[in-house]
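A.B. asks: would you be able to build a 3D model of this:
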Amino acid sequence: MSANASSSRTRGFQRGSPALSCLLLLPVWGSESMALSASARLVSFSGSFRALLMPLRVSAVRYGVPVSNTGEKITHTGQVFDENDVRRARFIGRQKEVNENFAINLVDEEPISYVETNVVSCDGGGGALGHPKVYINLDKETKVGTCGYCGLRFQQKHHH
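C.D. replies: As a prediction, the model looks like this:
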C-alpha cells in the first residue's frame, strides 16, 4: 500500500484516537466507507456504554489515609512519588509510615468556642507549646473567627 493511500484512509482522524486505531486494524474489504462506518459504530457504542454505566457509580465515604494508584499512602501534603522516582529508594524493604491523624482534620473536629465578648485573644494554649497572642474581632452576628496559627474557631454568643 502506498503512503498516499494510507494517508487518505486516515484523513479526518487524530493520530492515537480510538477511531483511528480501530480503522487501521480493519482489513481492507473494498470501500473506505465500510471501514469508516464500522469505526463510527464502535465509537458510538463505547460512548453509549459509558452512559449506561454512569448510574452504577456508588458514592463512598473515605476513611483512613488516601492511597495512590501505585498503592503508596499519600501524606497530608499530597506527597506521592512516581514509580520510577529515585526518592522511593528510602522505602525499599520498608513500609511508608504515614500519620493518619492529619492536623487539619483534628482541628475541624474541635467545636466552635462561644464567647461573650466581641474580641477574643488566642495564644494556642499558652506556655512554650503555644503561639504568639493574636486578637480576633467577632463583631458580626454570623461571623466565626478563626485563629491563623492554630485554627481554633470562636463565635460571639449574642443575648437577644
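A.B. asks: not counting sequence-adjacent ones, nearest residue to Leu138?
C.D. replies: Distances taken as C-beta to C-beta, 6 or more residues apart in numbering place Gln156 nearest to Leu138, at 4.1 Å, with adjacent residues excluded. The way it works is simple: take the backbone N, C-alpha and C, and place the C-beta from them, glycine included.
A.B. asks: how about the one you found, phi and psi?
C.D. replies: phi -80, psi 130 (degrees, to the nearest 10).
A.B. asks: dump the residue contacts of it.
C.D. replies: 114-118, 138-139, 141, 143 (C-beta atoms under 8 Å, 6 or more residues apart in numbering).
A.B. asks: again, only using 10 Å
C.D. replies: 114-120, 137-145 (C-beta atoms under 10 Å, 6 or more residues apart in numbering).
A.B. asks: and the helices in this structure?
C.D. replies: 3-9, 18-25, 32-53, 103-109 (DSSP state H).
A.B. asks: how is the chain partitioned into domains?
C.D. replies: 3-56, 60-100, 110-156 (automatic domain parsing).
A.B. asks: neighbours around the closest residue to Thr70 other than its chain neighbours, how many?
C.D. replies: Of all residues not flanking Thr70 in the chain, Glu83 sits nearest, at 5.8 Å (C-beta to C-beta, 6+ apart). Neighbours of Glu83 under the rule other C-beta atoms under 10 Å: 9.
A.B. asks: tell me the spacing between the closest residue to Val107 other than its chain neighbours and Asp85.
C.D. replies: Distances taken as C-beta to C-beta, 6+ apart place Gly151 nearest to Val107, at 3.9 Å, with adjacent residues excluded. If you measure Gly151 against Asp85 using C-beta to C-beta, to the nearest Å, the figure is 32 Å.
A.B. asks: one step back: worst mean pLDDT among the helices of the chain?
C.D. replies: When those are ranked by mean pLDDT, helix 18-25 comes last with a mean of 44.
A.B. asks: which intervals of this structure have sub-threshold pLDDT?
C.D. replies: 1-65, 159-160 (pLDDT under 70).
A.B. asks: which residues of it fall in strands?
C.D. replies: 113-115, 119-122, 134-137, 144-146, 153-156 (DSSP state E).
A.B. asks: partners of the second one, with directions?
C.D. replies: Listed by DSSP bridges, the sheet partners of strand 119-122 and their directions read strand 134-137 (antiparallel).
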